[in-house]
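Undergrad: quick one: sequence plus predicted model below, questions after.
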Amino acid sequence: MAKKAATKFELNKVRNIGIIAHIDAGKTTTTERVLYYTGMIHRMGEVHEGVATTDYMEQERERGITITSAAVTASWNGHQINIIDTPGHVDFTAEVQRSLRVLDGGIVVFDGVAGVEPQSETVWRQADQYKVPRICFVNKMDRTGANFQRCVDMIVSRLNGNPVPIQMPYGEGSDFAGIIDLLTMELVTYGDDLGTAIERHPIPESHREQAETRRAEMIEKIVENDDYLTEKYLMEEEITDEELMGALREGVINNKIQPVLCGSALKNKGVQMLLDRVVDLLPSPLDVPPVKGIHPKTGEEVSREPSDSEPTSALVFKIITDPYVGRLAFFRVYSGVVNAGTMLQNTSKDNRERIGRIVRMFADRREDVEEVHAGDIAAILGLKDTFTGDTLADSSNPIILEQISFPEPVIEVAIEPNTKSDQDKMGEALRRLAEEDPTFKVEVDDKLGQTKIKGMGELHLEVLVDRMMREFGVQASVGRPRVAYRETITKPVRIDTTFKRQTGGSGQFARVVAEFEPLPEEEAELAKDGLYFVNAIKGGSVPSEFIRPTENGMREATQGGVLAGYPVVGVKATLVDGASHDVDSSEIAFKIAGSMCLKEGVQKAKPVLLEPTMKVEVTVPEEYTGSVVGDLSSRRGTVMGMDARGDGGTSIRANVPLGEMFGYATNLRNLTQGRGSFTMEFEKYAVAPQSVADEVIKSGS
């Protein structure tokens, strides 16, 4: 295939946006419409028909959900838009997280009937964390029970947002016939089913008063963020449309306000207006602050402007393993230009990588390009040792960009190959899948000779096993899911450990004195792998070269606790004293002493078992509320709240231990005659009741 130079858009005309939302709010349908109207596809595929463009994996098409973030490039009104359609299912939350890290703006899609749902809260928090400006699209306005104002109110009450409706629906549910634009004060309707025959009318008298009231509210909220316009507003001077749009854009980019639009992606209404506002309101790479990182040699903070003339820096945010072409690394260029055929430094791992083929992605279709400029997103084929979160930079001007941190897995299953030939294939397949997905962990239990895979939920592991069997041709048997418990301590102790061994010639000697205490929750981020190690040695009682081996010994010992062999977390270890021998002390002696010291410390510090608790939201028709609440209580669940929905249903929010939720989908179907649905996401680790701990310890022994 002949390579072509990418069409070079001016940087202020580039938009890197993500479409984020709760499962089934209509993200992929919205993306599909965007591709159609921007001319990237000529026929709209539907999720329910299993032919959506960005859902190109077989597993996505069968389940009707998005699993991996698909990166797509499109253009609209002379602007280049790089779109990432992210998953809505909580098991794939890492996909959303790593996409948000490299995006400049987001479209948050809400279901007009359900409003703000649990995963909407998760993605909103993640967008807050990465300071991603966003606009809101209230979708499915044509469905019975749709309520635009309720969605806007929920963005305030549940998400702490500052929504500013810049549109309002002309009718709701089956009466939804168009959109009233509060910026231009006109009614937009559609003369055909494809949404291409757009007609503009004056606002009908029946809605004029309501539209004028909403426009006044909109103007008041927009000018709040601009002193000059606030003064004009208070003096009752006229504010021009240009001034209003400028202040609105400024408010969005500074994350002060979130404009709210509405429509029905499935019925092709409102998507072009959404694209217009993406171009008008969301930031270009020039509108976001320069990216910051650290110099790998000096540790000093350095920053890079989004310019082609700056030294090259790029962040790899996603890996896809393609059975045909190998590993595909998605990257965002923050500064400089990445050229095919050149060498760059992987500053995260301190090795050099040759940039082979660069491709621009159109979902599952690829186009080779020679170069990628600052602010752009593309993918590289054939990188040897570069994975999610790694930085590629100019070797003469190195920088390490902020790493992406991911949640720990909460569920595990044992997996065994069916035949000897499957054994080798399985190892390779699991390795490649783990390279793609930072929340997927593979562990070999030497004692049992068993391979365990760990992930974020049952669906997460189910999809990965399915991919292993189909894409890599591995036949394997999978055990029952097990909860990933943890262990911790509940009281402080001081432990004095001496390791001494004499075996002819020089022996082994190390003495370690450490204080162990529970790590307060506010210091949890200081812990690496569950242990916060503090060196408080004074006077050199433990020589400095033996401090690191002591810490390593303690860290290794946290891998298996004393109750049931689960990892130990939430421990602060302070090394306070010790002793060494001129001849007999060595790194290995102190490593063993550190390990023994921690094990004894955990044993004596009243260890307890921790279990993962999940935030569960169950949506059921009102008549089943009582039996569902009763069932959740019987699973040791705590009901946190209930909301009535626009479609006559009830939304029940509860915290429930993960161990009680296996098989819940079948149970809920039986309780609600198949009419209930639920979502679940990790909340926190909590101390397990003694009866549960006894059961876990017994089954592990």
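TA: Received, thanks.
Undergrad: buried set for the one helix or strand residue 466 maps to?
TA: Taking DSSP states H and E as the definition, one finds residue 466 inside helix 458-471. Neighbour-count burial for helix 458-471 flags 458-465, 467-469, 471 (criterion: 16 or more other Cβ atoms under 10 Å). (Each C-beta comes from the backbone N, C-alpha and C, glycine too.)
Undergrad: following that helix, which helix or strand comes up?
TA: Next element after helix 458-471 (DSSP H and E): strand 476-478.
Undergrad: list the buried residues in that following strand.
TA: Quick answer for strand 476-478 (16+ other Cβ under 10 Å): residue 476.
Undergrad: how about residues contacting that strand?
TA: Strand 476-478 has contacts (Cβ atoms under 8 Å, 6 or more residues apart in numbering) with 413-418, 422, 426, 461, 465, 468-469.
Undergrad: between those residues, which is nearest residue 655?
TA: Distance to residue 655 across the contacts of strand 476-478 (Cβ to Cβ) is lowest for residue 461, with 22.3 Å.
Undergrad: what pairs with the spatially closest residue to that closest one that is not a sequence neighbour across the strands?
TA: Sequence neighbours aside, residue 455 is the residue nearest to residue 461 in space, at 4.5 Å (criterion: Cβ to Cβ, 6 or more residues apart in numbering). On the basis of DSSP bridges, residue 455 is bridged to residue 411.
Undergrad: how far away is residue 455 from residue 135?
TA: The gap separating residue 455 from residue 135 is 32 Å, by Cβ to Cβ, to the nearest Å.
Undergrad: go on, residue 614?
TA: 30 Å.
Undergrad: all strands of the stretch 1-150 of the chain, in order?
TA: Assignment of strands within the stretch 1-150 of the chain using DSSP state E, counting those that start in this stretch yields the ranges 14-21, 70-76, 79-85, 105-111, 134-139.
Undergrad: lowest average confidence across those, which one?
TA: Comparing mean pLDDT across the strands of the stretch 1-150 of the chain, the weakest is strand 70-76, with a mean of 74.
Undergrad: what helices and strands are in contact with it?
TA: On a contact count with 3 or more Cβ pairs under 8 Å, 6 or more residues apart in numbering; DSSP states H and E, strand 70-76 meets helix 27-37, strand 79-85, helix 271-281, strand 357-362, strand 377-381.
Undergrad: hey, what's the angle from the last one to strand 70-76? Just curious.
TA: Right, strand 377-381. 130 degrees (axes from the mean of the first three to the mean of the last three Cα atoms, to 10 degrees).
Undergrad: contacts for strand 377-381, please.
TA: Under Cβ under 8 Å, 6+ apart, the answer for strand 377-381 is 6, 16, 71, 73, 82, 84, 102, 320, 325-333, 338, 355-361, 366, 369, 372.
Undergrad: check stretch 207-217 too.
TA: The contact list for stretch 207-217 (Cβ under 8 Å, 6+ apart) reads 165, 168, 170, 180, 182, 185, 187, 203.
Undergrad: and stretch 558-565, by the same measure?
TA: Applying Cβ under 8 Å, 6+ apart, the external contacts of stretch 558-565 come out as 485-487, 529-531, 566-569, 571, 598-599, 602-603, 607-609, 693, 696-697, 700-701.
Undergrad: how does it look with 10 Å?
TA: For stretch 558-565, contacts defined as Cβ atoms under 10 Å, 6 or more residues apart in numbering pick out 443, 445, 447, 485-489, 527, 529-531, 566-569, 571, 573, 595, 598-605, 607-610, 693-701.
Undergrad: show me what counts as buried in it.
TA: 558, 561-564.
Undergrad: can you list the strands that the longest strand seen in the chain pairs with?
TA: In the chain, with assignment by DSSP state E, the single longest strand is strand 608-621. Counting by DSSP bridges, the strands paired with strand 608-621 are strand 486-488 (antiparallel), strand 649-657 (antiparallel), strand 677-687 (antiparallel).
Undergrad: for residue 633, find the nearest of the ones you listed.
TA: Comparing the strands paired with strand 608-621 by Cβ to Cβ, strand 649-657 comes nearest, at 8.6 Å.
Undergrad: for that closest one, give the mean pLDDT please.
TA: 90.
Undergrad: try stretch 488-502
TA: Per-residue pLDDT values over stretch 488-502 give a mean of 92.
Undergrad: show the end-to-end separation of it, please.
TA: In terms of Cα to Cα, to the nearest Å, the two terminal residues of stretch 488-502 are separated by 34 Å.
Undergrad: show me what counts as buried in that stretch.
TA: Buried residues in stretch 488-502 (16+ other Cβ under 10 Å): 488-489, 493, 495, 497, 499.
Undergrad: now do stretch 72-80
TA: Those would be 72-74, 76, 79-80, for stretch 72-80 by 16+ other Cβ under 10 Å.
Undergrad: need those residues in a markdown table (columns: distance to residue 581).
TA: As requested, the buried residues of stretch 72-80 are exported to a markdown table (distance: Cβ to Cβ, whole Å):
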| residue | distance to residue 581 |
| --- | --- |
| 72 | 64 |
| 73 | 65 |
| 74 | 69 |
| 76 | 73 |
| 79 | 70 |
| 80 | 67 |
